[in-house]
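Undergrad: sequence and predicted structure are below.
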Amino acid sequence: MNKLVVHMGPHKTGSTYIQKRLHENKQALQDAGISYPDAYYLFFGHHYLLNALNGNESSSSIRKNFDSKVAPANNIIISSENFISLTKSGLVKLKEAFDDYEIFIIYYIRRPSLRVLSRWHEEVKQGGVVSAESYFVNHLFRPMQSSEVNNFRHVSVAASVFGRDSIKLVDYDTALVENNMLSFVFLAMGSEAVVSDVGESVNKMASLSEIEIIRFSNFSALRAGKLKGANVRNAFYSIYDEHYEKIKRLSDEIQGFFNEIALGDTSFDKAIHNILINEYRDVLLNKPSSLHEEIKTVPSSNWMMDTGLVNAASEIAGFVLSNLEEVAVE
């Protein structure tokens, strides 16, 4: 029976790196009898498949689209960090679409306090306006009820659909240290690694003070009715070199409003770690990482109470919005 490996992410656990390596080595995969197909494809992953599975498209239609892209004898790998948002009915539809495949679901588990900080950063890059403080409070007030903190909520649903033996977990922090992130995608299907891991960082975190300037610009674009996904982030970096001195000066000032917080060893990090060890150790593909405290500096929105800094940010936001208009004209 052919095998289908579904890489579910989630966000900020090396997904872009994994997808990029698979994308760049499609021919090597094909030669080894593994397809990384173009169906529902966006950038490096299968991000359009989420809406098809959660929406009204039938399982037979989805399968037909994949069959047109996959050689009959091939195993398949599909990947999207957005799959973490699949509903139970979406997971059932995926199972129905590939009912003649042996399906394996792979998740990467990361210490949640560190992942939440990375997720806030990513949300702002994609047009978010919520402050770091508010984002933390929203997800950490009831951490075990937050899908951003407790990924095991989705793991348990997937296990109820595909069976526990189909679930494969990877400790992200261990894989990061050992530089074998990608190898577990192949291990999940019982294969040797066709594509090797490389010491490459993809989708790196930008300066958090610059992220604050982007967040302020998102506000400005939202008020002007011009905010659309990551368009502000893209415009910001297109004017970055021209206005570097002003951006650097404001960025340095904003850093004076940062707070130090201890992450990586919080109570909910320990709770998630205990679930991994006590309830899912049998489906963990690598060794669990040890918890340890990491001091991170996190921006406070109090800098927006300084009139001079707000004026400086407004000037930069003006440059960004002007660039949005130029892009729109083009």
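TA: Structure received.
Undergrad: what's stretch 156-172 in contact with?
TA: Contacts of stretch 156-172 from elsewhere in the structure, counted by Cβ atoms under 8 Å, 6 or more residues apart in numbering, are 8, 13-14, 88, 91-92, 95, 103-110, 155, 181, 184, 187-188, 276, 280, 283-289. The way it works is simple: take the backbone N, C-alpha and C, and place the C-beta from them, glycine included.
Undergrad: tell me where the stretch 51-200 of the chain has helices.
TA: Under the criterion DSSP state H, counting those that start in this stretch, the stretch 51-200 of the chain carries helices at the ranges 59-67, 88-97, 112-125, 132-140, 152-162, 172-178, 183-188.
Undergrad: follow-up on the earlier one: sitting in strands, which of the contacts of stretch 156-172 do you find?
TA: Where the contacts of stretch 156-172 overlap with strands, as defined by DSSP state E, the overlap consists of I103, F104, I105, I106, Y107, Y108, I109.
Undergrad: the fifth one: what's it in contact with?
TA: Going back to what we said before, that points to Y107. Contacts here follow Cβ under 8 Å, 6+ apart; on that basis Y107 touches M8, G9, P10, N151, H154, V155, I167, K168, L169, V170.
Undergrad: please apply the same query to the first one.
TA: With contacts taken as Cβ under 8 Å, 6+ apart, I103 has the following neighbours: K3, L4, V5, V6, L94, K95, F162, S166.
Undergrad: now with 6 Å, please.
TA: Contacts of I103 were listed using Cβ atoms under 6 Å, 6 or more residues apart in numbering, and they are L4, F162, S166.
Undergrad: pLDDT weak spots in the protein?
TA: Screening the chain residue by residue with the criterion pLDDT under 70, one finds the ranges 200-205, 325-330.
Undergrad: sorry, back to before: okay, the contacts of Y107 in JSON lines with distance to A235 and neighbour count next?
TA: As requested, the contacts of Y107 are exported to JSON lines (distance: Cβ to Cβ, whole Å; neighbours: other Cβ atoms under 10 Å):
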{"residue": "M8", "distance to A235": "32", "neighbour count": "25"}
{"residue": "G9", "distance to A235": "27", "neighbour count": "24"}
{"residue": "P10", "distance to A235": "28", "neighbour count": "23"}
{"residue": "N151", "distance to A235": "33", "neighbour count": "26"}
{"residue": "H154", "distance to A235": "34", "neighbour count": "22"}
{"residue": "V155", "distance to A235": "38", "neighbour count": "23"}
{"residue": "I167", "distance to A235": "41", "neighbour count": "21"}
{"residue": "K168", "distance to A235": "40", "neighbour count": "22"}
{"residue": "L169", "distance to A235": "39", "neighbour count": "24"}
{"residue": "V170", "distance to A235": "36", "neighbour count": "26"}
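Undergrad: I'd like these as a markdown table, with distance to A317 appended.
TA: Supplementary listing: the contacts of Y107 in a markdown table, determined by distance: Cβ to Cβ, whole Å:
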| residue | distance to A317 |
| --- | --- |
| M8 | 36 |
| G9 | 32 |
| P10 | 31 |
| N151 | 35 |
| H154 | 37 |
| V155 | 41 |
| I167 | 45 |
| K168 | 45 |
| L169 | 42 |
| V170 | 40 |
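Undergrad: out of those residues, which is nearest to L53?
TA: Ranked by distance to L53 (Cβ to Cβ), these are led by M8 at 12.0 Å.
Undergrad: what's the spacing between the residue lying closest to S196 once chain neighbours are set aside and Y36?
TA: Take S196 and drop its neighbours on the chain: the residue closest to it by Cβ to Cβ, 6 or more residues apart in numbering is L182, 7.6 Å away. Separation of L182 from Y36 (Cβ to Cβ, to the nearest Å) stands at 12 Å.
Undergrad: between the two, which has more neighbouring residues?
TA: A side-by-side neighbour count of L182 and Y36, using other Cβ atoms under 10 Å, places Y36 first with 27 against 24.
Undergrad: from P299, how far off is the closest residue in space to that one that isn't next to it in sequence?
TA: Distance criterion Cβ to Cβ, 6+ apart; nearest residue to Y36, sequence neighbours excluded, is L22 at 4.7 Å. Look at L22 and P299: by Cβ to Cβ, they are 34 Å apart.
Undergrad: ok, now I316?
TA: Applying Cβ to Cβ, one obtains 16 Å for the distance of I316 from P299.
Undergrad: likewise N180?
TA: 33 Å.
Undergrad: more neighbours: the two, which one.
TA: A side-by-side neighbour count of N180 and P299, using other Cβ under 10 Å, places P299 first with 21 against 17.
Undergrad: just checking, the more buried one touches S134?
TA: No: with contact taken as Cβ atoms under 6 Å, P299 and S134 are classed as non-touching, separated by 11.7 Å.
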